[in-house]
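Enquirer: let me see the structure of the following:
(2 chains)
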Amino acid sequence: DTGVSQDPRHKITKRGQNVTFRCDPISEHNRLYWYRQTLGQGPEFLTYFQNEAQLEKSRLLSDRFSAERPKGSFSTLEIQRTEQGDSAMYLCASSSLPQAFFGQGTRLTVV
Amino acid sequence: AQKITQTQPGMFVQEKEAVTLDCTYDTSDQSYGLFWYKQPSSGEMIFLIYQGSYDEQNATEGRYSLNFQKARKSANLVISASQLGDSAMYFCAMREGSGNTGKLIFGQGTTLQVKP
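Expert: Numbering: from 1, shown residues only, chains lettered A, B, ... in the order given. Next up, the predicted model:
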């Protein structure tokens, strides 16, 4: 499978716990994006990597959120001290312009 | 500010008929890209079609075509010969031309239901 892969697909966590999501992009794509999608809305941009460099972060990305892309390959998105408002679908996309391809997403539920 | 507007929260279409999903956009950039994605209930965002702002011909991909009207700033998706498997949420998105980050701005989406 050469598409974008995300793990886990679903995560249920208690409020206050930390969670980490992983994204494996299409191997030849140097651009990687994280988006968040809440119920009934379109995805919203969170952050962007070109290779290993994180070049842009949305104001939506509070200081509880951190993303990394070591060696310009896979990426992780960590949420510390989760809140109920963090419940959403977290989507990863990789791109070799002009097109962008998404993974299956990680659905986070904070209880 | 750049913005995507999808004014149809929900649409119904009879199987085998064509349907048009509306999308208008707002940007001051001369260079931009427009996308349509399909999101079934499983959550995956499936790329359907892309149109560059400088492309003179409307994009087509199988049963999908993009009706690009630059002066009206519209990029409607046309699905021909609808199938039951087309039932899903559809999102229109725009890629910024400035800044070159390639990030996408999405509309609110349109839910399409195909009736047998």
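Enquirer: now the helices for chain A?
Expert: For chain A, no helices are identified by DSSP state H.
Enquirer: how about it: which residue is closest to chain B?
Expert: Chain A approaches chain B most closely through A:Gly42 (3.1 Å), counting by CB to the nearest CB. No exception for glycine: its C-beta is placed from N, CA and C like everyone else's.
Enquirer: list the contacts for that residue?
Expert: Counting by CB atoms under 8 Å, 6 or more residues apart in numbering or on different chains, A:Gly42 touches B:Ile4, B:Phe91, B:Ala93, B:Phe106, B:Gly107, B:Gln108, B:Gly109.
Enquirer: redo those residues as CSV? Include neighbour count and distance to chain A.
Expert: Below are these laid out as CSV (neighbours: other CB atoms under 10 Å in any protein chain shown; distance: CB to the nearest CB, whole Å):
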residue, neighbour count, distance to chain A
B:Ile4, 23, 8
B:Phe91, 27, 5
B:Ala93, 24, 7
B:Phe106, 21, 3
B:Gly107, 23, 6
B:Gln108, 16, 6
B:Gly109, 24, 6
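Enquirer: closest one to B:Asn100 out of those residues, please.
Expert: B:Ala93 (16.6 Å; CB to CB).
Enquirer: contact residues of chain B facing chain A?
Expert: Residues of chain B lying close to chain A (CB under 8 Å from any CB of the partner chain) are B:4, B:33, B:35, B:37, B:42-47, B:50, B:52, B:91, B:93, B:95, B:99, B:101-109.
Enquirer: just checking, which of those residues belong to helices?
Expert: Using DSSP H, none of the residues of chain B next to chain A sit in helices.
Enquirer: put the buried members of the residues you listed into a ChimeraX selection.
Expert: A single ChimeraX command selects the buried members of those (16 or more other CB atoms under 10 Å in any protein chain shown):
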select /B:4,33,35,37,43,44,45,47,50,91,93,95,101,102,103,104,105,106,107,108,109
